[in-house]
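Participant: next comes the sequence, and after it the predicted model I'd like to discuss.
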Amino acid sequence: MFVEALHTLEHNIEHLLWYTAVYDGATWTDKSDVDIDHMVPLKEAWVSGARSWTTAQRQAFANDVTRPQLLAVTDNVNQSKGDKDPANWMPPLASYHCTYVRAWITVKYYYSLTIDSTEKTALTNYLNAC
């Protein structure tokens, strides 16, 4: 399933004349400059509750294109994010912070994933600034 979702996203990107990445506002014409990011990284999901899910539930999470879970972003920005949560990483484009935090909360809430105290503090601080 993940491969199918990734293929669909890659196919769509391949046919764009240009693409503006949401995390940094960079515009790309070469699909090799774009990665597909999991808003809530798979490792973060695992430690936040996904470890108790069935394989089917984990696959559904990894392939979810209906929530803000899979985003096309600049490859090196995605690599800098890694598996960090908002307490340890935010997109370079400050104007995207409110959207990012709301999307993070949406995904965590939908999948009943936990939020640790450091993450909660960071999310609260960002939301208060929105």
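Facilitator: Yes, it's here.

Participant: T118: neighbour count?
Facilitator: Using other Cβ atoms under 10 Å, T118 has 12 neighbouring residues. In short, each C-beta sits where N, CA and C put it, glycine included.

Participant: let's verify it: helix, strand, or coil?
Facilitator: Under DSSP: H, G, I helix; E, B strand; the rest coil, the three-state class of T118 is helix.

Participant: quick one: it and A87 touch, right?
Facilitator: Yes - the criterion here is Cβ atoms under 8 Å, and T118 meets it with A87 at 4.4 Å.

Participant: got a pLDDT number for V34?
Facilitator: You'll see V34 listed with a pLDDT of 86.

Participant: chain neighbours aside, what residue packs nearest to it?
Facilitator: If the residues on either side of it in the chain are set aside, V34 comes closest to A72, at 5.1 Å by Cβ to Cβ, 6 or more residues apart in numbering.

Participant: and the one helix or strand the one you found maps to, average pLDDT?
Facilitator: Following DSSP states H and E, one finds A72 within strand 70-74. Taken as a whole, strand 70-74 carries a mean pLDDT of 90.
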